[in-house]
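In: Here you go, sequence then predicted model.
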Amino acid sequence: MKILLLGKNGQLGWELQRALAPLGELVAIDRSEGGDLADSDGLRATVQRVAPAVIVNAAAYTAVDKAESEPELARRINALAPGELAQEARRLGALLIHYSTDYVFDGSGDQPRPETAPTAPLSTYGRTKLEGERRIQDSGCDALILRTSWVYAARGGNFAKTMLRLAAERDQLKVVADQIGAPTGADLLADVTAHLLRSAQADRSGCGVYHAVASGETSWHRYAQHVIARAQAKGLALKVGADQVQALASSDYPTPAPRPLNSRLDNQLLQQRFGLVLPQWQTGVDRLLDEIL
């Protein structure tokens, strides 16, 4: 089985290289190797040349605020390119795995959303990601679309590293407290992807849209407190302790693109249909901290 992975050097793409390698011949590429989602002709040529049995698209335009001033580029990468990948997948009879986001919802309410909940994105990023989902579905190809949120990884920058740096440098730290979601490790997403890929290769009747996030919920404020408390328990010297992190409202920290206040996603369908248990968000964050501290 030949697997084409796009976006190999991103946080998720890096973990997918590890998780997918045992499943077949993995062709992992980045923008400079024919995987530029902004280059329609080049992207199609790459897929036709590789002729994979599985396409895993871990590439995306993820600069949420910048997308407000670059809507056409964001749409090109997040909507048009996934649609083109889907068309090529259908032509080849290949399986397409694609990643989407909680930003396809409006963030209202206080309950986890199932896959069937009405979509109503607030931002250009959310709208382009939703269009990408729909283009894939309209193509008629076999596809798994995984919506996720608050993704982090040990590789590169992440929220935990930022909080630890700021807590060591500053005398006070303020963090948004009214946005609720579940921090989800790229390693967990990659392992879930590998499991779903094997299942779908045997039986594609489970193709569709799924929510894939760590279990539980927290705010960015409580997330920061957890990270700082864990670091202090391991002996890291910080100026700001966990109980000194101040809560901030989203309205106190305006951004070009509005963030959904409720990023909770219900992952029960994924767990039930594929026999998975997705751990509590603290499990992955603690593992990350053990690795970077």
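Out: All right, it came through fine.
In: neighbours around the residue nearest to residue 246 when sequence neighbours are not counted, how many?
Out: Nearest-residue entry for residue 246: residue 174, 4.5 Å, with adjacent residues in sequence omitted and distances by Cβ to Cβ, 6 or more residues apart in numbering. (Glycine included, C-beta is placed from N, CA and C.) Neighbours of residue 174 under the rule other Cβ atoms under 10 Å: 15.
In: surely residue 174 meets residue 248?
Out: Yes. Because the distance of 4.5 Å satisfies Cβ atoms under 8 Å, residue 174 is recorded as touching residue 248.
In: which residues touch the spatially closest residue to residue 68 that is not a sequence neighbour?
Out: Ranked by Cβ to Cβ, 6+ apart and with sequence neighbours excluded, the top spatial neighbour of residue 68 is residue 256, at 4.5 Å. Contact partners of residue 256, counting by Cβ atoms under 8 Å, 6 or more residues apart in numbering, are 65-66, 68-69.
In: Generate a PyMOL selection restricted to the buried entries among these.
Out: Only the buried entries of the contacts of residue 256 go into this PyMOL selection, using 16 or more other Cβ atoms under 10 Å:
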select buried, resi 68
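In: so is residue 26 in a helix, a strand, or just coil?
Out: strand (DSSP: H, G, I helix; E, B strand; the rest coil).
In: Quick check: bridge partners of it?
Out: residue 3 (DSSP bridges).
In: pretty sure it contacts residue 18?
Out: No. Using Cβ under 8 Å, residue 26 is not in contact with residue 18, being 10.0 Å away.
In: Please say which of these two ends up with more neighbours.
Out: More neighbours surround residue 26 than the other of residue 26 and residue 18, with 21 against 13 (other Cβ under 10 Å).
In: Do you know the pLDDT at the more buried one?
Out: pLDDT, residue 26: 97.
In: so what's it up against?
Out: Residue 26 neighbours (Cβ under 8 Å, 6+ apart): 3, 5, 17, 20.
In: how does it look with 10 Å?
Out: Taking Cβ atoms under 10 Å, 6 or more residues apart in numbering, we find residue 26 in contact with 1-5, 8, 16-20, 52, 54, 56.
In: Check the residues you listed against residue 204 and report the nearest one.
Out: Of all these, residue 54 has the smallest distance to residue 204: 11.2 Å, by Cβ to Cβ.
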